[in-house]
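Student: Quick one, what's the 3D model for this:
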Amino acid sequence: MINHIDLSTVLRRTVCDLYSNLVTRPTGAAVRTAIETQLAELGGRTVTVIDFSNVRLLDFSCADEVVAKLLLPYCDDCPPHDAYFVFRGMSETHLDALEHVLERHRLALVLQQEDGVPTIIGAVSGAERKAWEAVMDLGSATCEEVARQIDAATDEVESLLTALSRRRLMMKLEDQWVAVGSPV
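Tutor: Residues are numbered from 1 along each chain as shown. Now for the predicted structure:
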């Protein structure tokens, strides 16, 4: 199931009807709590698109509250839900705050760029990026297909894909791997 969350709508509903800036830690905490409540109501496997398109400003404290604190529980061995995330509508100013927070927490996320093409940003190794991009190119793939695509050992690729899955950047559907953000 694909779920869409417009952050400006959540912000107006939780903080102020005329507000389009994600600034201050309490504002970020209120928005994150509203998102977590919505995710808990959905249950099951979901891909949630978190849309920043109508948010004018994002400061470091809100990036930490809304993004890092939202993602951190899903990177544990026992996440609260089988949820995956795609972020979109981010401007350069949003990315300045966000990339700093992602690096600080050693997190990564899938970002849908203006042209609709997904990419991963944050703390990812070159090998992880290469494996993720190979799965994106293939649409969906077995571990062996990815290994052939990137010319790597199957056990190494299995470790990379499993690590990406733990970080909610990759999904495993039976014997196929699917990159989060993929149109498949």
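Student: use CA for all of it now, contacts and neighbours both
Tutor: OK.
Student: Which parts of this structure are helices?
Tutor: Secondary structure of the chain, counting by DSSP state H: helices at 7-14, 25-42, 60-62, 69-71, 92-105, 126-138, 143-150, 154-166.
Student: so which of these is the most packed in?
Tutor: Neighbour counts (mean count of other Cα atoms under 10 Å) averaged over each of these peak at helix 60-62, with a mean of 23.
Student: what sits up against it?
Tutor: For helix 60-62, contacts defined as Cα atoms under 8 Å, 6 or more residues apart in numbering pick out 22-25, 27-29, 97-98, 100-101.
Student: rerun that using 6 Å as the cut-off
Tutor: Here helix 60-62 makes contact (Cα atoms under 6 Å, 6 or more residues apart in numbering) with 22-25, 28, 97.
Student: cool, and stretch 103-117?
Tutor: With Cα under 6 Å, 6+ apart, stretch 103-117 has contacts from 86-88, 118-123.
Student: The same query, at a cut-off of 7 Å, please.
Tutor: Applying Cα atoms under 7 Å, 6 or more residues apart in numbering, the contact partners of stretch 103-117 are 85-88, 102, 118-124, 169, 180-181.
Student: out of these, who has the most neighbours?
Tutor: Tallying neighbours with other Cα atoms under 10 Å puts V180 at the head of the contacts of stretch 103-117, with 26 neighbours.
Student: okay, it: pLDDT?
Tutor: Reading off the confidence values, V180 has pLDDT 95.
Student: domains of this protein?
Tutor: Following the assignment in automatic domain parsing, the chain carries domains at 1-122, 124-184.
Student: Compare the mean pLDDT across these and name the weakest.
Tutor: Lowest mean pLDDT within the domains of the chain: domain 1-122, at a mean of 88.
Student: Please tell me how far it is from the chain's geometric centre.
Tutor: The chain centroid and the centroid of domain 1-122 are separated by 8 Å under Cα atoms, centre = their mean, to the nearest Å.
Student: Next, the distance between the ends of that domain.
Tutor: Distance between the two ends of domain 1-122: 25 Å, counting by Cα to Cα, to the nearest Å.
Student: Same check on stretch 147-157?
Tutor: Terminal residues of stretch 147-157 are spaced 6 Å apart (Cα to Cα).
Student: And stretch 115-132, by the same measure?
Tutor: Length of stretch 115-132, first residue to last, Cα to Cα: 19 Å.
Student: Could you do stretch 56-71 as well?
Tutor: With Cα to Cα, one end of stretch 56-71 sits 22 Å from the other.
Student: Same question for stretch 46-59.
Tutor: One end of stretch 46-59 sits 27 Å from the other (Cα to Cα).
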